[in-house]
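A.B. asks: missing the sequence, but the structure's below:
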């Protein structure tokens, strides 16, 4: 997958023209915030995790949050485990740094963390390590096909 495939996917929602591509990398929260000229908290960070029964799920949270192992285990019944770079690419179709909740293979579950709801818009990646798209939380939910809003994360400094 690539930024072009994500643009094609987002075209079904009329949002393909909102994808922004950068000269510099936006592969981390910090780099994306610089490229976009925004606060890092508004970066919608997509975390790829192994599912207990095989396959993967994505959790998207605000850039200043991280997975809370206790909340995750309470919700799903097992400890979260991040995918390796190779597995993330193989299972999501997107390389680490560009993993996003769009244009995913069948069976990849997406959950959105409520940490993003404090913002009018957020910026998830768009399929490459130098792209992003600005979306409202409602658009992110719709366009990603997310299963639910969850409380799976906590502030990074905790």
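C.D. replies: In hand now; what should we look at? Bear in mind that the values here come from a model prediction, so they are computed numbers and not experimental data. Numbers count the residues shown, from 1 in each chain.
A.B. asks: what about the residue nearest the centre of the chain, which SS state?
C.D. replies: Centroid-nearest residue in the chain, with C-alpha atoms, centre = their mean: residue 46, separated by 2.5 Å. Residue 46 falls in the strand class when you classify it by DSSP: H, G, I helix; E, B strand; the rest coil.
A.B. asks: show me the contacts for it.
C.D. replies: 58-60, 99-101, 124-125 (C-beta atoms under 8 Å, 6 or more residues apart in numbering). In short, each C-beta sits where N, CA and C put it, glycine included.
A.B. asks: let's see it at 6 Å
C.D. replies: 58, 60, 99-101 (C-beta atoms under 6 Å, 6 or more residues apart in numbering).
A.B. asks: before we move on, what about residue 27?
C.D. replies: In this structure, residue 27 makes contact with 97, 129, judged by C-beta under 6 Å, 6+ apart.
A.B. asks: host element of it?
C.D. replies: Per DSSP states H and E: residue 27 is located in neither a helix nor a strand.
A.B. asks: Local confidence estimate at it?
C.D. replies: pLDDT recorded at residue 27 is 94.
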